[in-house]
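Q: Just a sequence and a predicted model for now, questions to come.
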Amino acid sequence: MPSPYREIFTAPGAWRFSAAGLLSRMPLSMTGIGVVTMVSQLTGRYRLAGALSATMAVSVAVLGPQVSRLVDRHGQRRTLRPATLISAAALAGLLVCAQQRAPDWTLFVFAACVGSVPSVGAMVRARWAALHRDAPGLLHAAYSWESVVDEVCFIIGPIVSIGLSTSWFPEAGPLVAGVFLVGGVVWLSAQRATEPVPHPPGEHTGRSALRSTGLQVLVVTFVATGTIFGAIDVATVAFADGLGHKSSASLVLAVYALGSCLAGAAFGMVRMSGPVARRWLGGVIAMAVSMIPLQLAGNLPFLAAALFVAGLTVAPTMVSTMGLVEAHVPRSALTEGMTWTSTGLAVGVALGSSAAGWVVDAAGARAGYAVPGVAGAVAAVVAVLGHRRLSRPATVSWRKGREADGVPRNPHEPHEQHEQHEQPAHHGQYEQHEQHGSYGQHGQERPGPDGGEGQEGQEVPRPLA
């Protein structure tokens, strides 16, 4: 194993919570396609199958951030298990209603409740952030590792889910996904030693993490990125079907995920320098450019090669995004912030699938790749326009975990009183600011991270690189 990855797993418990996260995330790629396969086999109604899958995606987008917000307040163990049981019970109800040919409205009711499933990827990344918060290089490797895990799930999950539903019985795919979810979350939440400590009520502002303008840029960009993913899935299936090789679509899409997996593994081995916002901008632009060759695909080998190259841009961009989320939301809302990016992706996937399906029906399979091309251009434009917000240091109050996202404090607003742990001035005494790494004497101005002057008692900008 390469050195950075060997080092991150030397921490006690790291292997266990990462493995539990892998098991818990398998349903992310198994449930939707499993429900589509199940419903299409039982009823032959693809429109109903697609509508149920979209309902679950919207439900996850609405409920997921709220579950993560509860996690930030009350901890993973107290929140994950009840939320998972609700989601698993709703999935079981959906399977029973589908098998018993219940009215369609009952399927939609249970599908809408499946969205209480926790964002396990955000939970695992929050554990890495707590474990390696003072080691940016190790945290970069940890985020890269989790991107590899994500891609492994998306390579294996659909194959397992479709295989179970077609070779065993129609409900088998989503049923096994539910078992993976419950087992993985119970295993993860039982690992108390690596669970991030919930923040005291006084550190919560009562506002959503989405109030951060930096996070807003990331979420909007991820909506466009999710549109790319959803459209490529639909267009690729239609393209392979048009060539008479529909069964090969899963292999072509697996090549896309493989490119991202390899890029994520290599990205974690590189010691990065320079602002993370600049790397993120480059990744988004590269992703947009990689959509151009798809418009020229005329056969499956060319398409597979083009998708492999496009996949190389995915994981590095995702890793940089997680680093920016950590920089632009307060620590008391880190899990919620990470979940909002997943929500943006989920919304985008639903939009991309619908848009590509409409284009394919109207103009043919090759025209379907125009949707990810347009989505890539939109993502690039949003990234360029929002880059300044992401490059600006996120102003954080270390005392209460609040963030103004780079907006300077109102000069007429009175400074808060020092907390008890901030000691009064002594002769020549220095204080070290947590996570900032700079020293300054009381009564003297301290240099800011950009070399400018700062004053005692002001909020300290969190470095973004």
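A: All right, it came through fine.
Q: Looks like residue 5 contacts residue 266 (just checking).
A: No. Using C-beta atoms under 8 Å, residue 5 is not in contact with residue 266; the gap is 11.3 Å. For every residue, glycine as well, the C-beta is placed using N, CA and C.
Q: Tell me who's in contact with the residue most central in space within the chain.
A: Taking C-alpha atoms, centre = their mean, the centroid of the chain lies closest to residue 342, which sits 3.8 Å from it. Contact analysis of residue 342 by C-beta atoms under 8 Å, 6 or more residues apart in numbering lists 64, 119, 121, 122.
Q: Now do residue 135 against residue 129, distance only.
A: From residue 135 across to residue 129, the span is 11 Å (C-beta to C-beta, to the nearest Å).
Q: okay, those two: which has more neighbours?
A: residue 129 (21 against 13; other C-beta atoms under 10 Å).
Q: Quick one: low-confidence residue ranges for this structure.
A: Low-confidence segments of the chain (pLDDT under 70): 1-2, 46, 199-212, 247, 272, 327-328, 330-334, 391-465.
Q: Show me the strands in it, by range?
A: Ranges of strands within the chain are 394-397, 402-403, 430-432, 439-441, 446-447, 453-454, 460-462, based on DSSP state E.
Q: isn't residue 57 right up against residue 350?
A: Yes. If you go by C-beta under 8 Å, residue 57 and residue 350 touch, sitting 4.4 Å apart.
Q: separation between the closest residue to residue 139 other than its chain neighbours and residue 188?
A: Residue nearest to residue 139 in three dimensions, not counting chain neighbours: residue 132, with 4.3 Å by C-beta to C-beta, 6 or more residues apart in numbering. In this structure, residue 132 and residue 188 are 18 Å apart, going by C-beta to C-beta.
Q: And residue 296, by the same measure?
A: 44 Å.
Q: Which one's more surrounded, the two?
A: residue 188 (28 against 11).
Q: neighbours around the residue nearest to residue 139, how many?
A: 20.
Q: list the contacts for it?
A: 8, 11, 138, 139, 142.
Q: what does residue 22 give?
A: Contacts of residue 22 (C-beta under 8 Å, 6+ apart): 149, 152, 153, 184.
Q: One more pass at 10 Å, please.
A: Residue 22 makes contact with 120, 124, 146, 149, 150, 152, 153, 156, 180, 184, according to C-beta atoms under 10 Å, 6 or more residues apart in numbering.
Q: what comes up buried for the lengthiest helix in the chain?
A: In the chain, with assignment by DSSP state H, the single longest helix is helix 136-167. Buried residues in helix 136-167, counted by 16 or more other C-beta atoms under 10 Å: 136, 138-162, 164-165.
Q: and if you look at stretch 55-68?
A: For stretch 55-68, using 16+ other C-beta under 10 Å, the buried residues are 55, 56, 57, 58, 59, 60, 61, 63, 64, 65, 67, 68.
Q: Next, format these as CSV and append distance to residue 385.
A: Shown next, in CSV, are those (distance: C-beta to C-beta, whole Å):
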residue, distance to residue 385
55, 32
56, 32
57, 27
58, 27
59, 31
60, 28
61, 23
63, 30
64, 26
65, 24
67, 31
68, 27
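Q: among the residues you listed, which are in helices?
A: Using DSSP H, 55, 56, 57, 58, 59, 60, 61, 63, 64, 65, 67, 68 are the members of the buried residues of stretch 55-68 that sit in helices.
Q: What is the nearest of the contacts of residue 22 to residue 105?
A: Set against residue 105, the nearest of the contacts of residue 22 by C-beta to C-beta is residue 180 (28.1 Å).
Q: Tell me how far the closest one lies from residue 24.
A: Shown here: residue 180 relative to residue 24, a distance of 7 Å by C-beta to C-beta.
Q: Compare those two and say which is more crowded by neighbours.
A: When residue 180 and residue 24 are compared on other C-beta under 10 Å, the one with more neighbours turns out to be residue 24, at 30 against 21.
Q: who are the neighbours in contact with that one?
A: Residues near residue 24 by C-beta under 10 Å, 6+ apart: 17, 80, 84, 117-121, 123-124, 153, 180-189.
Q: Just the buried ones from those, in PyMOL syntax?
A: Only the buried entries of the contacts of residue 24 go into this PyMOL selection, using 16+ other C-beta under 10 Å:
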select buried, resi 17+80+84+117+118+119+120+121+123+124+153+180+181+182+184+185+187+188+189
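Q: Neighbours of residue 318, how many?
A: Neighbourhood size, residue 318 [other C-beta under 10 Å]: 26.
Q: Which two among the buried residues of stretch 55-68 are spaced furthest apart?
A: Pairwise distances across the buried residues of stretch 55-68 peak at 20.5 Å for 55 and 68 (criterion: C-beta to C-beta).
Q: quick revisit: give the intersection of the neighbour lists for residue 57 and residue 350.
A: With C-beta under 10 Å, 6+ apart as the test, residue 57 and residue 350 both reach 32, 226, 230.
Q: Tell me, how many residues neighbour the nearest residue to the first one once chain neighbours are set aside?
A: When the adjacent residues along the chain are set aside, residue 32 lies closest to residue 53, with 4.7 Å between them (C-beta to C-beta, 6+ apart). The burial count assigned to residue 53 is 21, neighbours taken as other C-beta under 10 Å.
Q: how close does residue 53 get to residue 139?
A: Taken as C-beta to C-beta, the span from residue 53 to residue 139 is 34 Å.
Q: now swap in residue 321 and tell me
A: Note on residue 321: its distance to residue 139, by C-beta to C-beta, is 13 Å.
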